[in-house]
Structures are given as C-alpha cells and as structure tokens.
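Participant: return a 3D structure for these sequence lines:
(chains A, B, C and D)
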There are 4 protein chains.
Amino acid sequence: MADLGSTTEQLCAKLQAAAAKESVERASSAQSPSVTSGLRYRNLGKSGLRVSNIGLATWTTFNTAINEEQLDAVVTAAYNAGINLFDLTEGPQSSEQAETQLGIILKKKNWKRVSYSLITKIRWHYKSEERGLSRKHIIESVRSSVARLQLDYIDIVLIQKADPMCPLEEVVRAMDFLVSEGLIMYWGTAKWSPIDVTEMYTACRQLNCSTPILEQSEYHMLCREKVEIYMPELYNKIGVGLMAWSPLAMGLLPSFKDSLRSRSSNRTKASSISWNQDDRKPPTKENNEPLTARNTKEILFSISLVADRLGCSLVQLCIAWTLKNESVQCLLLGAATTHQFYHALHGLQLLPKLNSNVMAELERILDNKPIRPPMVSTLAMR
Amino acid sequence: MADLGSTTEQLCAKLQAAAAKESVERASSAQSPSVTSGLRYRNLGKSGLRVSNIGLATWTTFNTAINEEQLDAVVTAAYNAGINLFDLTEGPQSSEQAETQLGIILKKKNWKRVSYSLITKIRWHYKSEERGLSRKHIIESVRSSVARLQLDYIDIVLIQKADPMCPLEEVVRAMDFLVSEGLIMYWGTAKWSPIDVTEMYTACRQLNCSTPILEQSEYHMLCREKVEIYMPELYNKIGVGLMAWSPLAMGLLPSFKDSLRSRSSNRTKASSISWNQDDRKPPTKENNEPLTARNTKEILFSISLVADRLGCSLVQLCIAWTLKNESVQCLLLGAATTHQFYHALHGLQLLPKLNSNVMAELERILDNKPIRPPMVSTLAMR
Amino acid sequence: MADLGSTTEQLCAKLQAAAAKESVERASSAQSPSVTSGLRYRNLGKSGLRVSNIGLATWTTFNTAINEEQLDAVVTAAYNAGINLFDLTEGPQSSEQAETQLGIILKKKNWKRVSYSLITKIRWHYKSEERGLSRKHIIESVRSSVARLQLDYIDIVLIQKADPMCPLEEVVRAMDFLVSEGLIMYWGTAKWSPIDVTEMYTACRQLNCSTPILEQSEYHMLCREKVEIYMPELYNKIGVGLMAWSPLAMGLLPSFKDSLRSRSSNRTKASSISWNQDDRKPPTKENNEPLTARNTKEILFSISLVADRLGCSLVQLCIAWTLKNESVQCLLLGAATTHQFYHALHGLQLLPKLNSNVMAELERILDNKPIRPPMVSTLAMR
Amino acid sequence: MADLGSTTEQLCAKLQAAAAKESVERASSAQSPSVTSGLRYRNLGKSGLRVSNIGLATWTTFNTAINEEQLDAVVTAAYNAGINLFDLTEGPQSSEQAETQLGIILKKKNWKRVSYSLITKIRWHYKSEERGLSRKHIIESVRSSVARLQLDYIDIVLIQKADPMCPLEEVVRAMDFLVSEGLIMYWGTAKWSPIDVTEMYTACRQLNCSTPILEQSEYHMLCREKVEIYMPELYNKIGVGLMAWSPLAMGLLPSFKDSLRSRSSNRTKASSISWNQDDRKPPTKENNEPLTARNTKEILFSISLVADRLGCSLVQLCIAWTLKNESVQCLLLGAATTHQFYHALHGLQLLPKLNSNVMAELERILDNKPIRPPMVSTLAMR
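Facilitator: Residues are numbered from 1 along each chain as shown, chains lettered A, B, ... in the order given. As a prediction, this is how the structure comes out:
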C-alpha cells in the first residue's frame, strides 16, 4: 500500500490545488478537464447519457451525521475530479435530508446543469403512509424530491423494489408521465429481478412508453451472481445498463482487514455481507456453497494480502476489481471526507495492474465464480 | 348491543386521547398507526392505490347542515383512526360546499399529501348548464373541484351515470387528458351498468388511454344483484374494483328499528330502500319478488333481532355484513358526529363473529340471494 | 307579418324584463331557464357538447361599427334567451376586435364558464404574414385569440379553408397539440370540401388524435347542394356535424323585399348570393341552372309572399326553413340590436307552421332541390 | 458587374428609405410587402411552414465582432426586405452570444411573432460537458436557447451531427417532447447522412412522433454530391427539405477573385473549400477527381469571368446558381453590414439571366456534376 498510499496524499493536495483554477476553467470553457487518470465516461445502458464510471454516493453519511462543510468539500472535490454523477438513492435510510443538503450546495455552486446528473429513488413500504407502489406515490415522491433539491427536474429516478400488488402498466404510465412532464429525464430500477425488469420493458413497448435505462445492483467480490450472469443479457437485449454499488468498495467494511487480523470475527456480522436487510436469499448462499463467517474472514484476509502486494488498500482493490467487469457502467463511491474520496478514486489507477494473472489469483481465492444453472428439461423426467 | 355498545364509548375516548399523540407520530414517522382493529388496506381495483377498507363520506351532512367544527372533528377522528380515503361524491345533493369545507380543513391540518386520498364526482344533467356529459364539462368540473379544494390534484374522480348522447371516446379522452395534466391520479364510474363499464374499458384499450379503476355502487342487504353477480366479473376481467355505499350502513335509516317496533311503517318510505331516485328498476323488484313495505319491515325487524343477539346495532351489523363480501374493496361511511363515526367504525370488530352460521341465518331472513339469469338461447326457440 | 311582427315587440319587452331576474337565477340555480319556445339543445356532431340550435354570431358588425353597449346588450339578450353559443368566426373581415370586445363583456358579466361556449376561427392567406396554414400559424393564432378573450381556453376552433400546401398530418397534430395543452376543447372546419374533411378524419384515426366535430357551411334557400347532399353522410359516417350560417337568415340581405318591389335589382349584387368571395363555383351554378339576377329576384319575391301569408318576415321564414333541416345542428344568427335579435329569434316559433304543404310550396318556388350526381361508371364507356 | 453593382448602391438607398415606412405598414396591414424582386416563399420540406427562399444567417460575425447597432441594422434590413427566417445555427463557433443579441433586437423591435421564424441548433461533443447527444442535453440545450432569446419557443431546432452512441429513439422522443411542450414548432438535422435521416424518420413513424422537416447542408459549386444526388430523394420520399448554406455565397471567400488575379493561391486555404473541419471526406474528392488548389483556383477564375460578363459579383453568381436548384428551399446568407446584405440579396435578380446556356457553360467549367454511383450487384460476381 506504500507507493499508492503515499501518492494518495500527493494527489489529494494536487487536486485540491487544482480545484479553484479548474472550476473557473469549467465555467469558461466547454471542455471539462478529466484530471483523473482512469476516469472514463460511459453511456448508461443503451441511452445517450454519458456519465463518469465513478459516481459519488451521498449515503456514507448514514453512520455519522457529517456537517454541511464536509459534504460541500466532498461534492466539490468529486465535481472537480471530473465526476458528473451524484447519487441520492441512499442505502437503507431516508434520503430526504441528503436531497435538501445537496440542493443547497448545488444552488450555492451554480454549476451548469449540463455538467452533472442526479439520481434519486422512489421508496415504498406497505406499512408506511404511501401503502405500496402506486401512480399516486410515484408522482408525489418525485415531486417532493424535486422540491427539496430546488431544481426543475431530476436526471434519473429509480424505483426501489418491484411491488407485486401494483400492475406494471401503472408503474410504466406513471414514469412516462414524469418524463412527459419534464420532471425526470430517465428512469430505472433498483433491486428488481431480471425477469421483472424484462416484463416491465415489455409493458413499456406495448404502451409506447419510454423504457428504463438501468438497474442498480449490489456487486462486489462476495455478491456476483446477478450481475455476472444476468445483467449482460439485460443490456444486450433491452438496453438496461448496470450501476453498481458495493459496501466493500465504499469502505463500509473498513475495519475488515484489521478485524480479520486482530479480533475473532463476529459471526452475525461477517455473514451479512450483502447490504440489503430484506434480501430473502443471502448472497452467501450463491452457488449452493454457504459462505460461513470463517470463509469470509479467510477470503478477505487472502485478498488483503494481494492488495498489499499491489501497493494499495483493500478498498482500492475492490473498486478496481468491480470496474474490471465491462458490464459495470458506473460504480458508486461514498466518502465522508475528501481524503477518503481521493483514496477511493485512486483505485482507478490500479486497473491496468489487474492483469489476467492477478484476476486469476483473485478468482482462485474467491472460488465463487457464478455459473448459469442448467436448463431444467421436463423431457428428461419422462 | 350491550358489550359492543359500551365499548364504543370507551373506544371513543381512547381514540380521541390518542389523536394528538398520533398525529405527531404520523408526522415524524412514516409508519402510520393502524389503531383500529379490523381496518385493512386494500388495493382499489387492480390499481396500486391502497386505501383503508372504510372510507369517510361527507354526505351525511345532507339532512342537517353540520358546522365546520363538527366536520373537522369527524375528519380528524377518521384520519387518526387510520382511514386514508375521504369521499366527496355526495349523495343526491351538490358537493360544492363540502369540497370547499374539506379544502379548508386539509389546509389547516397540513397532513402529508401522501397520507390520504380524495374522491370527487363529475355530475351532469341535460337540463342544467352543462347540458350533458362532454369533454368541456368533465374538464371544467374537475378544475372547479380542484380549485375549491385548494389542492393541485384529486386522487380519484368518478363519472356519475353514463350519457348515451356522449361518445365513450370523448369521455375516455377527457379523463386521460386530466390524468396527463396531473389534475387527477385515477378515475372511475358511479352507477354505470357493467356493460357500459366494459365498453368504456374497451375504448380505453383501443385509444391507449388509462383505464378506470373502480365502480361505485349501492350495496346492502336489500340491494344485492349488481354487486354480487356482476362486479366480481368486472374485477377479474378488466380490473375494475368496487367501492360500496349503503344507506343502511350509513345510518341513513337510523329509525328503522324503532319505527318497526313502535309505529306502523310508512309504505312510500319503506319501499324506497334504494337511494337513487332515478333508478328505473327499484331494487325491491330484484329476483322478481317485489319487496313490499310489509316485507321490508319484517326483514329488518328480524335482522335487528340478530344484531341484538350479537350485541351490536343494526348499523354495525350492516357494515360488517357488507365488508364480509370480498368484492367490497372499500365501504363508505358517513357520520355527523365523532360519536356516530366511532360507533360505525366499531362495526369492523364484528367481522370475526359473522361465521357461516350467522351468515346462513341472515341469508334465510333476507331470502333474496341474487342468481344469474339463465342464458337465453335462441337455439331452444327453433 | 302582422301577428308575428307585433308579438316580436312584446316578446322583446317580456324578455328584457326577465333578463335581470333570470341572470340571478342562472347564477344561483344550475337549471337555466329556456324561456324561448322553440330553442332546443343539440349535440354538435357526434360529440357530447350540447349547444342551443341558435348561436349568436358577432359578425353583423361588419357593416356598421356598433358600440360596446349595443354589443353588450345583444350578447346579454342572447344569453338570457338561453343561447349558449357565441360565434367569433366572423365573415370576411378580421375578428380580432370582436374577440377583444367579447372578452371584456364576458369578464364583466362573470357568467359561469360552463354556461356558454365560444367559437373562433384560424384564418390564413399565402400573402399575409403567416404565409399559409402551418403548425406555427395554428398555434400562434389560437394563443392570440385566447389572450384577446382573456380566457384560459376556447371551446371550439375552426380551420378556415384547407391548405393544399400544408399536409393534413401537420394540421391534425397541431390541433391535437392545442387540445392536449387545454387551449381548446373541440375543433372543426369551415368551408372544407367533404372529401377533405373525410381525409383529415382518416389522418386523425391513423395518428390517434382527436377528431373534428363540425363543419361550418353556408346554407340557405339559394345555396343547398353541399349541406343537403353531403353533410348527412359526414355526420353518419365520421360524426362531423353541421353549423350553418346564412346571409339570408342573418338579415344581411334585408332590403331584398323592398328592393324587389320598389327598385330594379342591381344585377351584380343579386347574383352574388353566396357570401364567399373566393368560392370558385358560384352557388348559382348549382344543378347546372344558372341563377340569373332575374331568377333570384323573382324567387325571393315569391318567397316573401309566402312569408307575408304566414305572418312573418322573410328573415324569419329563412331561419325556420333552415332549421327545418335536421342536419342543421346549429344556425348562427347575427344582430346589431336587441330588437333585431328578438325579431330573428322569433323565427323559431314559425317552425311548427312549416308543414309539408308549405315546404312543398317553397320547394316549387325554389325549384333547386339538389340531387346527387350519378356515379360515373367507366364500365359503360368500354 | 457595372450595371448590377451600381444598382446595388441605389437599391441599398431605396430599401433603407422604404424601411421605416414599411415597418409601419407591416404592423398595420397583414400583407407584408415583398419589395425584393426574386424573393419567393416556399414550404420548408413537406411542412406547412413557408419561409423566404433567402434566410439571414448571423454567423458572418465569426471573423469580426460586429457591434449591436450593425447587427440591428442588418436584421432590420432583412426583415423589411421580406425575409422571414433568421438563422442562429452559426458556423463553427458558439452561437450563445448571437442568441442573446438577437433576443434583445427582437424584443426592441416588437415584430409580430407570426412574421418571422428562428432556427437554432443543438451542438454536442463527447469531450464537452454534455458528453454527447442525449435526451438531457437536447432538452437543456433548447431551454437555454429559448431563455437567451427571451421567447416562448423556437420555430425550428436542428440537431448537429448524428451521435452513433445515442439511440435514435432517444433523439426522436426528446424532439417530440420539445414539440409537445410547445418549446419548438419543427425540427430537423444538420450534417446528417441521408441514410441516418431516413432511419430517424422510420423511428418517428414507429413511435408515432413528429418527423423532421429539413436537413441543413453545405451546398455550392464545389460541394454538390449530397444535395444533388440524395436530397431530392429525401424530399420526395419522407418530406425532408433542404436548407443550404454556402461559404461561397456568403462571401466568406471574398478575396478569391482578387487573390486569384493578384496573388499566388495559398494551397492549404484553397483546398479547404468545404467549411466543415470535421468532414472526413473532403468535398474535393467527390467523383474521385481530387480538386487540387490549382484546379480550384482556375475554376473560380473562370467563373469570375462569367460573373463579370453577367455584370455581377462572384458572390451574387454563386447565390443565383445555388437557388437555381429547385431542391434548395432556402439559402442562408450572412452579412456584416447592410451594404453587404443588399449586395448579396441583389443576387436574386440574376436568376432569370441564368438560362440553359449560362448553366451549361458553368457546368463545363466546373466539370464536377455528381453522378449516382452504380448499384453494386452481387449477381455479377457469381
């Protein structure tokens, strides 16, 4: 971690120094500087929207209530580094405050609207006031987000989870209403099964409505099946791209390495690698090989040794490993401080080092490469 | 009626005490309390909109002009009890004043828009100024309602009666216009025949417009045919649900029991069980067995004896009997005072007591179970 | 003309006296009084819009610049007589001033928007600034009219003449845009050939746009072919109704009777019975029997004798004769004074007197009953 | 050039004198004067929009920053000459300033909106902030233009270049959104290949969206293939018309004649006849006969001799030659001064002089008449 870690400090200083100068340049010239080596711009799904392959998530604030100044600093650092995607979809908690805070920052900064995109999410529960997904809830939710952000529209809105009680036609018509009202530009899904996304796409085509452009999924070394097996098919067939978020890459498990070395792992904690509390099938059960706490601990320890050898942190290795997958059009990063942010961003420079040898070594350690389950033929049963 | 009646008083006090506390909770937490046992949330038709199975109707004010304070108290009581549907469709009279009054209350309360839904109606007559149903009248009517309510939109708008002089395409396009303008979220019908609803649904599909989600019908022990025979088919085939209103359940015939005991029944009054003045076929003619005033009187007397045995009022029994039918997704209740409201709401707790024995006994008393008329085959006539 | 003429004066007084009282009643009760016997409400085309069979045209102001008070008096008289349709389509001159004036009156009167409908027209010339019919001109024209009228929308907008240089798809999409913007409720055409109307209807169906509901045509005793032969077919097949205007019925040829008696007819004037300057085929050529000035003079003289016998004026007879045709859903009347208006309106009471004998007599005098030209079969030529 | 040149001075004075008077007339009468002989109004593509066959381009300001007064004078001169099309699509530079300036002039002049049309362009680059063509960029770009122009809408918006990374459906839906929002009236393309335009037209039809009406192309004596071979087919089959711009006709190569006579030609300059820096295939390579600097120099010298003989300038001859092609529905002219403008406009009067003899002579000189490449038949290869 030595060489990469030390340059993180330097990069940090270099970038901050460049910030004021750049922001002036960005205002005057149409050509934004892509100071960050490794940062690429890719089309989200098969849409025309090109975003940086790293997006800034505001949800690392969920543990610690960071103050406005810090948030401002992180957002500005990301913008100046060339990141043009800000994510407000939050993890498990409410995102209302984050929307209000980011709205204040954007108003103060007065960046050109063309220079960044925002993502928010429509959340729902049967037991809260909206009582499920519905046209009414979808529209009210987005109108509230727009108001809190003090903007005219949101670039991308995701629907959190499919609601089996709400017909797809209603969802599709409500999203199309928001698009035709100019309140949103694009829409997508989060935590939908590939089959549900495909059915919704079919409903869009049937009703001549605008189609979703992305699915947001958890994706990291310990949670691979959905993204690696099913997302390429969605992209190729219906143009739905992948935006990944990963608790590993976001440093939400920062103490793993230490804990693995110094303490006995907490079984409950270690087995909950997937961030989603409501996932019925834990990711550790993938491929029918339950990841016990012991397994997880050993795996992460082995990987941290690889990271050490490459001269980077575990977080940086996770980021690079995720972006190595071409299906990942954008990876969301979170940071509570500019230092954390630059440290994570530095992971991009690791990408060229992840050659086939390193990837193969990691695959051997993980030993969880997902395979497509065989077709079940009823013929064989006759 | 003893045990249930006495607890009504207690429930009344308990709920009112809980109100202030709850409303604070509702504002802070997204999880609204469903303090009322028996209150359920069901999707209206096959839409995603989930409403309480009891809705508050504002039209019991039609006999007595209740003051604003009382209206406020009833509405607040209903909201705090978990009811999230307020009905302004009114009975026979104008609903303009009710809209204005409810608008003032909602503004004062400042409840979150997501936490309740409103229903209004589009009325028309050939002889009044609008001179029938038309695009012009539909749009003007809804715009006026929205203005009186001081809101941005109405959740559900119903069209009162079909107009044979107005093409279905015009109705469908006008409703779709209101949906696409964001002035309404959903729409439905009231007092339409099942065949008219089905034809309109077909027109919606043909024109790629949003479809109606519910039909509002009178439904009670003495008016059963349409709801029990035809509405399940509408729901299953085209997703149109049922919102029931019942003069019996709303206490609009409160003096029945007394009158049955103490006075000779007024023939004219007793035979007009159906509330609709303009219904060509009185409900008493269903099944070709005319319900004479004598019949009605005897039936209600017998039923009131059952209510006495169950320890509840006739109104409460009627409410529970109506909700026992799974087709009834929502039953509208009216109340002039909070006491009346809690009394009616208490009917929900009767539901578990309506076992098959009680239901069979009621069926024997009523002796009016509707049956589907046989298919007329022209083959047999040859 | 004695009995009917004298009662015109009485009716005039009676109606004016009733006006103040009525307007109050109209405001309070939804049931507008139809004080005028013979006034009926009919659906325009196969739409749901029901208008009085007499509409008030503001275009008799074209000869004399009547002042605002007079215009106010005529409009109020018409409104109080039960007329709910005001026409701003004007004859040959500009209607901009009329729109502004009527806007001021409507604002002052504050009549309910539901109680009346307005019609305006989209005019175009290749040589004026708009340089032909186009999406740009259609939208700009209607926006200007709405602004001058100080209203939110116009009930019906007509397109004056088809433009062979502008594709029907552009016209249809522009009208649909206005409908979907809420700027107009309905649309139609004026002076379009039946084949052009039918083609436009087809384009509407193809593009799933709202269809036109009426064609405005000149129709009177001396101009019959289009209305009597082709308009019933348009109504039956595509639901396009007929709004008639007639220089005869509007008293625009008021001195005919006198001139026929006292002066030698002005040849040039008499032969231009059709009001449209730009009609290529003069109506006098219908049925291949050119109406010479002599013919016209003799015909009108004979008809005026019938009017005398029926105790009415020539204008009143023309009005009744026009409305006798069931295809005429609405006839536009013009008046510069309330007296003229009541006089014309009185023509409605003549309708029952036009029995088959009188109609046959008129037919004998006119001798111009149009007949459908025979189908040209190319088979016969072989 | 004597007779025509001298009359340019006179015409200049005559028109300027007429301006004040005319602008008053234009305001009062609907009939705008077409003082300029040779100026015609033609429908753009197969749309209903009729524009003058000469449009005023504001992009000759690219070399010299002309002041506001001059711009005002040129725009007013054009408007008074009957030109009703103002082009803000600019050449290679940014058009933002031009939009702001023209907005100020239009606001000051207060000309009727119906009397002129504006064209702007949507530009994009992968490396600037918008990062390619997308729904987001299209909508943001047009909203910004509308705001800078201080208008409610723009008449025509063109999309500069196709973006292979942005699906046509997204482009089509975004343009249709702008049309349905009322922000634009028509749309088209600039520098698209005929096959791309045709594919987009197909997408419009498939999605039932409004279709593009024009393609803006470079067209002049030395750049002919696309316009002469492919544009007529686009017009006939899908109604897409041609708006031409030409560096020759706009006097952007003003010193050619002088340079040809007095100086040795600058090779680099002479060979870059096509204005588009990013054209992959230089126009000089058309017909497989590379136009060397020598060739170009000789050709222009020969043509200038023809111009001399016709008594006009090279610029005027180029204008007339371009408009001689019936496919050119509108030619954009640029001028930094009113004198330049009148001089160019005078080229219209040359049109009748371009008889078949002159055209044949020019064809002989140019010797670059494009021919359609032969169909490649795979049959012949068998």
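
Participant: dump the residue contacts of the residue of the stretch 151-300 of chain A found nearest chain C.
Facilitator: Nearest residue of the stretch 151-300 of chain A to chain C, counting by C-beta to the nearest C-beta: A:Asn208, 9.7 Å away. Yep, even glycine has a C-beta here, placed from its N, CA and C like the rest. Going by C-beta atoms under 8 Å, 6 or more residues apart in numbering or on different chains, A:Asn208 touches B:Asn208, D:Leu207, D:Asn208.

Participant: what backbone torsions are found at A:His220?
Facilitator: phi -160, psi -180 (degrees, to the nearest 10).

Participant: ok, it touching A:Lys226?
Facilitator: No - the criterion here is C-beta atoms under 8 Å, and A:His220 misses it with A:Lys226 at 11.7 Å.

Participant: and these two? which has more neighbours close in?
Facilitator: A:His220 (24 against 20; other C-beta atoms under 10 Å in any protein chain shown).

Participant: distance check, the nearest residue to the more buried one once chain neighbours are set aside against A:Ala320.
Facilitator: Distance criterion C-beta to C-beta, 6 or more residues apart in numbering or on different chains; nearest residue to A:His220, sequence neighbours excluded, is A:Ser246 at 3.7 Å. Distance, A:Ser246 to A:Ala320, using C-beta to C-beta, to the nearest Å: 12 Å.

Participant: A:Leu305 now?
Facilitator: Distance from A:Leu305 to A:Ala320, by C-beta to C-beta: 16 Å.

Participant: ok, these two, which is more surrounded?
Facilitator: Comparing A:Leu305 with A:Ala320 by neighbour count (other C-beta under 10 Å), the higher total belongs to A:Ala320, at 25 against 13.

Participant: on that earlier part again, just the ones of the contacts of A:Asn208 in helices?
Facilitator: Judged by DSSP state H, the subset of the contacts of A:Asn208 located in helices is D:Leu207.

Participant: quick check: mean pLDDT of the helix or strand containing A:Arg143?
Facilitator: Element membership for A:Arg143 (DSSP states H and E) is helix A:135-149. Across helix A:135-149, pLDDT averages out at 96.

Participant: so what secondary structure elements neighbour it?
Facilitator: helix A:96-109, strand A:117-122, strand A:154-160, helix A:168-181, strand B:184-190 (3 or more C-beta pairs under 8 Å, 6 or more residues apart in numbering or on different chains; DSSP states H and E).

Participant: do you know the pLDDT at the residue nearest to A:Glu129 when sequence neighbours are not counted?
Facilitator: Spatially, and ignoring its direct neighbours in sequence, A:Glu129 is nearest to B:Ser115 (4.3 Å; C-beta to C-beta, 6+ apart). Looking at B:Ser115, its pLDDT stands at 95.

Participant: next one: B:Ser115 from B:Leu106, what distance?
Facilitator: Relative to B:Leu106, and taking C-beta to C-beta, B:Ser115 is found at 11 Å.

Participant: same thing with A:Val315?
Facilitator: 50 Å.

Participant: okay, those two: which has more neighbours?
Facilitator: Counting neighbours by other C-beta under 10 Å for A:Val315 and for B:Leu106 shows that A:Val315 has the greater number, 25 against 19.

Participant: in which helix or strand would I find that one?
Facilitator: helix A:314-324.

Participant: just the buried residues of that helix, please?
Facilitator: A:Leu314, A:Val315, A:Gln316, A:Leu317, A:Cys318, A:Ile319, A:Ala320, A:Trp321, A:Thr322, A:Leu323 (16 or more other C-beta atoms under 10 Å in any protein chain shown).

Participant: show me the contacts for the fifth one.
Facilitator: Contacts were defined as C-beta under 8 Å, 6+ apart; by that measure A:Cys318 touches A:His220, A:Met221, A:Ser246, A:Leu248, A:Ala249, A:Gly347.

Participant: which residues of chain A fall in strands?
Facilitator: With strands called from DSSP state E, chain A shows them at A:41-43, A:50-52, A:54-57, A:85-87, A:117-122, A:154-160, A:184-190, A:214-218, A:241-245, A:328-334.

Participant: can I get those strands in CSV with distance to A:Glu169 and mean neighbour count?
Facilitator: Below are those laid out as CSV (distance: least, C-beta to C-beta, whole Å; neighbours: other C-beta atoms under 10 Å in any protein chain shown):
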stretch, distance to A:Glu169, mean neighbour count
strand A:41-43, 28, 19
strand A:50-52, 29, 25
strand A:54-57, 31, 26
strand A:85-87, 28, 25
strand A:117-122, 17, 26
strand A:154-160, 14, 24
strand A:184-190, 15, 25
strand A:214-218, 20, 25
strand A:241-245, 24, 26
strand A:328-334, 28, 24
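
Participant: make TSV from these and add distance to C:Val376 to it.
Facilitator: Output for these, formatted as TSV (distance: least, C-beta to C-beta, whole Å):
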stretch	distance to C:Val376
strand A:41-43	61
strand A:50-52	63
strand A:54-57	71
strand A:85-87	69
strand A:117-122	64
strand A:154-160	62
strand A:184-190	58
strand A:214-218	63
strand A:241-245	62
strand A:328-334	66
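
Participant: residues of chain A that sit close to chain B?
Facilitator: A:94, A:125-137, A:139-141, A:163, A:165-167, A:170-171, A:173, A:177, A:180-181, A:207-208 (C-beta under 8 Å from any C-beta of the partner chain).

Participant: in the stretch 101-250 of chain A, which ranges drop under the pLDDT threshold?
Facilitator: For the stretch 101-250 of chain A, the stretches with pLDDT under 70 are A:249-250.

Participant: residues of it that sit close to chain D?
Facilitator: A:112-115, A:117, A:155, A:179-180, A:182, A:185-186, A:208, A:210, A:239.

Participant: residue of chain A nearest chain B, please.
Facilitator: Closest point on chain A to chain B, by C-beta to the nearest C-beta, is A:Cys166, at 3.0 Å.

Participant: give me the number of residues near that residue?
Facilitator: By other C-beta under 10 Å, neighbour count at A:Cys166 equals 24.

Participant: surely A:Tyr230 touches A:Pro194?
Facilitator: Yes - counting by C-beta under 8 Å, A:Tyr230 touches A:Pro194, with 4.2 Å between them.

Participant: can you tell me how far the residue of chain A found nearest chain D is from A:Arg123?
Facilitator: Residue nearest to chain D within chain A (C-beta to the nearest C-beta): A:Gly48, separated by 3.0 Å. To A:Arg123, A:Gly48 is 28 Å away according to C-beta to C-beta.

Participant: between these two, who's got more neighbours?
Facilitator: Neighbour totals were compared for A:Gly48 and A:Arg123, and A:Gly48 leads with 28 against 21 (other C-beta under 10 Å).

Participant: and A:Asn74, what does it touch?
Facilitator: Actually, residue A:74 is Val. It isn't Asn. Applying C-beta under 8 Å, 6+ apart, the residues contacting A:Val74 are A:Leu56, A:Ala335, A:Ala336, A:Thr337, A:Thr338, A:Phe341.

Participant: residues of the stretch 1-150 of chain A that sit close to chain C?
Facilitator: So the stretch 1-150 of chain A never meets chain C (C-beta under 8 Å from any C-beta).

Participant: what's the burial count for A:Glu69?
Facilitator: 8.

Participant: how near is it to D:Arg40?
Facilitator: 65 Å.

Participant: and for A:Val114?
Facilitator: A:Val114 is 39 Å from D:Arg40, where distance means C-beta to C-beta.

Participant: thinking A:Leu151 is in contact with A:Leu106, fair?
Facilitator: Yes - using C-beta under 8 Å, A:Leu151 is in contact with A:Leu106, at 7.3 Å.

Participant: counting neighbours, what do you get for the closest residue to A:Asn84 other than its chain neighbours?
Facilitator: Spatially, and ignoring its direct neighbours in sequence, A:Asn84 is nearest to A:Tyr116 (4.8 Å; C-beta to C-beta, 6+ apart). Residues within reach of A:Tyr116, counting by other C-beta under 10 Å, total 21.
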